[in-house]
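requesting a structural model of the entry that follows:
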Amino acid sequence: QLRLVESGGGLVQPGGSLRLSCTASSSTLDVYAIGWFRQAPGKEREGVSCISSRGGDTTYAESVKGRFTISRDNAKNTAYLQMNSLKPEDTAVYYCNSPWAPFYAWGQGTQVTVSS
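Below you'll find the model as predicted:
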């Protein structure tokens with residue numbers, strides 16, 4: 001089964017930027033579509049963005065459109081989520097996984113905190 005590891009989170013001020021990485025540790029990533037999800041405290045996990053296996057198709061949640069950019073480098077076995085103009089409401093644990101069910105085992109995610 002595909003195993004994915006998220007990294008790149010941290011504490012950032014409103015308006016700041018972060019780049020998250022999603023690396024496959026068990027297989028090559030280039031045949032898999034990848035989705036980014038997030039879960040804020042007390043809320044359900046929600047989809048943020050996804051990208052096709054070769055990177056030609058991308059989608060975004062309305063709440064992040066124009067601020068977040070998903071990309072991938074299959075040679076590095078890694079997908080990315082560039083997050084700009086961050087807002088306090090973007091605070092959450094971010095995960096990567098298949099964009100749709102059935103999902104792979106969820107990783108630990110990476111915490112993103114947007115606060116002044």
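
contacts for stretch 36-56, please.
20, 22, 30-35, 57-61, 64, 68, 70-72, 74, 79, 81, 89-97, 99, 109, 112 (C-beta atoms under 8 Å, 6 or more residues apart in numbering). Placement of C-beta: from N, CA and C, glycine included.

show the end-to-end separation of it, please.
16 Å (C-alpha to C-alpha, to the nearest Å).

ok so, going back, ChimeraX command to pick out the buried ones of the contacts of stretch 36-56?
Buried subset of these, written as a ChimeraX selection, criterion 16 or more other C-beta atoms under 10 Å:
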select :20,22,32,33,34,35,60,64,68,70,72,74,79,81,90,91,92,93,94,95,96,97,99,109,112
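
sort out for me which of the contacts of stretch 36-56 are in strands.
Among the contacts of stretch 36-56, the residues falling in strands (DSSP state E) are 20, 22, 34-35, 58-60, 68, 70-72, 79, 81, 92-97, 112.

spatially central residue in this protein, please.
residue 36 (3.2 Å; C-alpha atoms, centre = their mean).

list the beta-bridge partners for that one.
Residue 36 has the following beta-bridge partners by DSSP bridges: residue 49, residue 96.

quick one, grab the pLDDT at it.
We note a pLDDT of 98 for residue 36 in this prediction.

next one: the one 4 residues further on
In the prediction, the pLDDT value recorded for residue 40 is 97.

counting neighbours, what do you get for it?
Neighbour count of residue 40, defined by other C-beta atoms under 10 Å: 14.

re earlier: from residue 116, how far off is the residue nearest to the centre of the chain?
24 Å (C-beta to C-beta, to the nearest Å).

just residue 34 next, same as before
31 Å.

cool, residue 92 as well?
17 Å.

kindly report the same for residue 83.
From residue 83 to residue 116 the distance is 17 Å (C-beta to C-beta).
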